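Engineer: I would like the atomic coordinates for the input below:
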Amino acid sequence: MNRHQFSRRVALTVCTISVLCGQTPAPSLSIELNHRKAPVSPALYGLMTEEINYSYDGGLYAELIHNRTFRSDWSGVLNWFLLQKGTSAARLSIDQHNGPSAALTRSAKLEVTAADVKSPAGLLNEGYWGFPVRTNTRYAGSLFAKASSPDAVPVTIALVANQSGKVLAKTSVTLAGAEWKQYSFELHSGEMATASSENHFELLLDRPATLWLQLISLFPPTYHNRPNGNRVDLMEKLSAMHPAFLRFPGGNYLEGDHIEDRFDWKKTIGPLLDRPTHPSTWSYHSSDGMGLLEFLEWCEDLHMDPVLAVYGGYSLRGQFVKPGPDLEPYVEDALDEIEYVTGSAIDTKWGAVRARNGHPAPFSLHYVEVGNEDQFDKAKTYDGRYAQFYQAIKAKYPNLQIIATTPVSSMTPDVLDDHYYKQEQGMFDEAKHYDQTDRKGPKIFVGEWATREGSPTPNFGAALGDAAFMTGLERNSDVVVMASYAPLLVNVNPGGMQWSSDLVGYNALNSYGSPSYYAQVMFASCLGDSSVESSVGQAGERFFYSATASSSKLCLKLVNASSMPQPLAIALHGLAKGSAHLAHVSTLHANTTWATNTIDEPNRIVPVHSTVTLKENNSSYVIPPYSIQVISLDLK
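Structural biologist: Purely as a prediction, here's the structure:
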């Protein structure tokens, strides 16, 4: 069935029971529009992010140079290669004691002993699975360098096609002097038949010279043209999700494998030259280009509230900090971090630092999470650690809501963070999880969840599980105040994925949304401010729904996870009697649960839009098999 045929089918889903639904009475869905049940959190849907699957470096963070700080191992300088063309001769090594800053104490030493115009020598960078080059595009670059002599050393910088060797963009920079200096440059691509990522970066000398190099950087155009900014296509996809918040800097990424590997926020602010970088928890290194301020600016660009996770004294390999005096420096560090986010640029120390970093205005902050998944702390110290953070933060910031990552017994936390990773049937079961939750207990933040089917991104069965689960979140959003799918991003190149079933996939050039991504987009596109009284009778076990409304709109979510059409008699009590109302329908559908989108075929499963007419009573409707629908009905 093509998209046109399916659109026509969706348009005909309001029927008479005798024609389309058979003579047997259809299952019924009754909605009482004038009886509001419970408030829906305005911050229900948001984003959770961390450095996994090359989500920042090689992903959202737009830097194109891989290993710009010249880390090395037994095999050589990672992602960099020595270029010796023609009769040239050169040597590349790491100078362990000659760097441009206290944070970057090492540098790459390039010794060119023989070179001329026809036989240049220098360095090649492979990028993150290539360099994306598009027609008529500007690339902004910079590097830090010093030379062994005061003589001018012209350096040619280019983006070059891997297969043909064609130079796609080229410029030159003249280096000179024995002191470290920053040099800026631009590359401009010309007309191209097609965009490609099968390209590399070259830095070449046409004469003998010795250079020390550090922090070589190259950025394409970024979202909102921010320096040190984010990739445009990925930001646009995230914006389409209408996220209310961003939980950062991540889960495991916050903790680090060891205490010294944690996200040490003070080392991620200010000039890139002052950021030492650090190991991530997924076997690759973090450039720390995505520092604390960059996360906050991400929130600013997408109009999201920050949900700030602070290091709580526990790291993944089991190291922990005892509550009491040992923990006090980490508590103080969290207070400094909150001050950096919210403090005045005039009369607070860390607010003034933020202003010097380029953002004088403070950011709004309502939620702080202490740690991540601390139920894995075998020493069982989280209860005491959470209480110590809670008391210190509340004393200075009484209006902040403090999230606990696991239940604690010594006190009732403001909010509790729940995580769910299950297959499709497991998420169908979880759709009812919060129906009987004690409303007197802490509020719930479902900080990580996903139906884990499909790789590297979810299939349609996972999307059905996700949508079913989200109907339960909406139905119980008086207690579930926030929820965020995880992981958010994945680089689909070989070696780019460490965790399967990720919401958005990409390579160096392109990106795509999974079926689960489109389910998120659809659910967030229509959400009322309260749930409404409703009931369903005789529907199949694989049917799920939620109904929320505002004063002007009804948002009805329908999920048919079965392979058969689901007839449904819809009664909307409270509509004007005798009148017909036009509703807008978004439908996500697949022929099988294993159908999915890919980097090469990104639009196999996308929402189809149509309209339908509904009345107060006796609107007979058919939900297509394997489908997710969002019905938006204006009430005025």
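
Engineer: Which parts of the stretch 351-500 of the chain are helices?
Structural biologist: For the stretch 351-500 of the chain, the helices defined by DSSP state H, counting those that start in this stretch occupy 382-396, 424-430, 460-475.

Engineer: most neighbours per residue, which of those helices?
Structural biologist: Among these, helix 460-475 has the highest mean neighbour count (mean count of other Cβ atoms under 10 Å), at a mean of 27. From N, CA and C alone the C-beta is placed, and that goes for glycine too.

Engineer: Quick one: end-to-end length of stretch 523-538, please.
Structural biologist: The straight-line separation of the ends of stretch 523-538 (Cα to Cα, to the nearest Å) is 25 Å.

Engineer: which parts of it are buried?
Structural biologist: 523-528, 530-532, 534 (16 or more other Cβ atoms under 10 Å).

Engineer: Please convert the helices of the stretch 351-500 of the chain to a markdown table, extending it with mean pLDDT and distance to residue 305.
Structural biologist: Putting those into a markdown table (pLDDT from 0 to 100; distance: least, Cβ to Cβ, whole Å) gives the following:
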| stretch | mean pLDDT | distance to residue 305 |
| --- | --- | --- |
| helix 382-396 | 98 | 17 |
| helix 424-430 | 96 | 26 |
| helix 460-475 | 98 | 18 |
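
Engineer: Nearest to residue 131, out of those helices?
Structural biologist: Of all these, helix 460-475 sits nearest to residue 131, with 32.2 Å by Cβ to Cβ.

Engineer: elements contacting that closest one?
Structural biologist: Applying 3 or more Cβ pairs under 8 Å, 6 or more residues apart in numbering; DSSP states H and E, we find helix 460-475 packed against helix 424-430, strand 443-451, strand 480-485, helix 515-525, strand 543-549, strand 553-560, strand 627-634.

Engineer: Neighbouring strands - and their directions - for the helix or strand following the longest one?
Structural biologist: The one in question is helix 515-525. Tracing the chain C-terminally past helix 515-525 and defining elements by DSSP states H and E, one meets strand 530-537 next. Paired with strand 530-537 in the same sheet, following DSSP bridges, are strand 28-39 (antiparallel), strand 543-549 (antiparallel).

Engineer: Give me the angle between the longest one and helix 460-475.
Structural biologist: Put plainly, it is strand 28-39. Here strand 28-39 runs at an angle of 60 degrees relative to helix 460-475 (axes from the mean of the first three to the mean of the last three Cα atoms, to 10 degrees).

Engineer: those strands in the stretch 151-300 of the chain, which residues are they?
Structural biologist: Along the stretch 151-300 of the chain, counting by DSSP state E, counting those that start in this stretch, strands occupy 153-161, 167-175, 181-188, 199-205, 209-219, 245-248, 278-279, 285-286.

Engineer: Can you find the helix or strand in this protein with the smallest mean pLDDT?
Structural biologist: helix 17-20 (a mean of 34; mean pLDDT, DSSP states H and E).

Engineer: Show me the domain layout of the chain.
Structural biologist: When the chain is parsed with automatic domain parsing, its domains come out as 3-40+529-634, 72-219, 244-409.

Engineer: how distant is the last one from the center of its chain?
Structural biologist: Read that as domain 244-409. Domain 244-409 sits 17 Å away from the centroid of its parent chain (Cα atoms, centre = their mean, to the nearest Å).

Engineer: what does the second one give?
Structural biologist: For domain 72-219, the distance between its averaged C-alpha position and the chain's averaged C-alpha position is 31 Å (Cα atoms, centre = their mean).

Engineer: Quick check: mean pLDDT of that domain?
Structural biologist: For domain 72-219, mean pLDDT is 97.

Engineer: Ends of it, what's the gap?
Structural biologist: Start-to-end, domain 72-219 (Cα to Cα) is 23 Å.

Engineer: same deal with stretch 74-88?
Structural biologist: Across stretch 74-88, first to last residue, Cα to Cα, it's 25 Å.

Engineer: So what touches it?
Structural biologist: Here stretch 74-88 makes contact (Cβ atoms under 8 Å, 6 or more residues apart in numbering) with 66-67, 70-72, 90-92, 94, 108, 112, 114-116, 118-127, 202, 204.

Engineer: again, but for stretch 261-278
Structural biologist: Outside stretch 261-278, the residues touching it (Cβ under 8 Å, 6+ apart) are 69, 71, 100-104, 144, 215, 217, 228, 249-250, 253-256, 279, 281, 285-293, 311, 315, 333, 336-337, 340, 353-354, 356-357.

Engineer: Adding distance to residue 437, write the buried residues of stretch 523-538 out as CSV.
Structural biologist: Shown next, in CSV, are the buried residues of stretch 523-538 (distance: Cβ to Cβ, whole Å):
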residue, distance to residue 437
523, 20
524, 22
525, 26
526, 24
527, 20
528, 20
530, 18
531, 14
532, 19
534, 19
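
Engineer: hang on, the earlier thing: please name whichever of the strands of the stretch 151-300 of the chain is nearest to residue 41.
Structural biologist: Here strand 245-248 is closest among those (Cβ to Cβ), at 10.3 Å.

Engineer: other SSEs contacting that closest one?
Structural biologist: Applying 3+ Cβ pairs under 8 Å, 6+ apart, we find strand 245-248 packed against strand 45-48, helix 292-301, strand 305-310, strand 480-485.

Engineer: strands paired with that strand, and their directions?
Structural biologist: Short version: by DSSP bridges, strand 245-248 pairs with strand 45-48 (parallel), strand 305-310 (parallel).

Engineer: is it possible to export these to CSV including mean neighbour count?
Structural biologist: Compiled in CSV, these are given as follows (neighbours: other Cβ atoms under 10 Å):
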stretch, mean neighbour count
strand 45-48, 25
strand 305-310, 25
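
Engineer: Among the strands paired with strand 530-537, show the one with the smallest mean pLDDT.
Structural biologist: For the strands paired with strand 530-537, where the average pLDDT is lowest is strand 28-39, sitting at a mean of 93.

Engineer: Flag every buried residue along that one.
Structural biologist: For strand 28-39, a neighbour-count test (16+ other Cβ under 10 Å) marks 28-33, 36-37 as buried.

Engineer: Among those residues, pick out the one closest to residue 390, please.
Structural biologist: Taking the buried residues of strand 28-39 together and measuring to residue 390 by Cβ to Cβ, the closest member is residue 37, at 31.7 Å.

Engineer: That closest one and residue 275, how far apart?
Structural biologist: According to Cβ to Cβ, to the nearest Å, residue 37 and residue 275 sit 49 Å apart.
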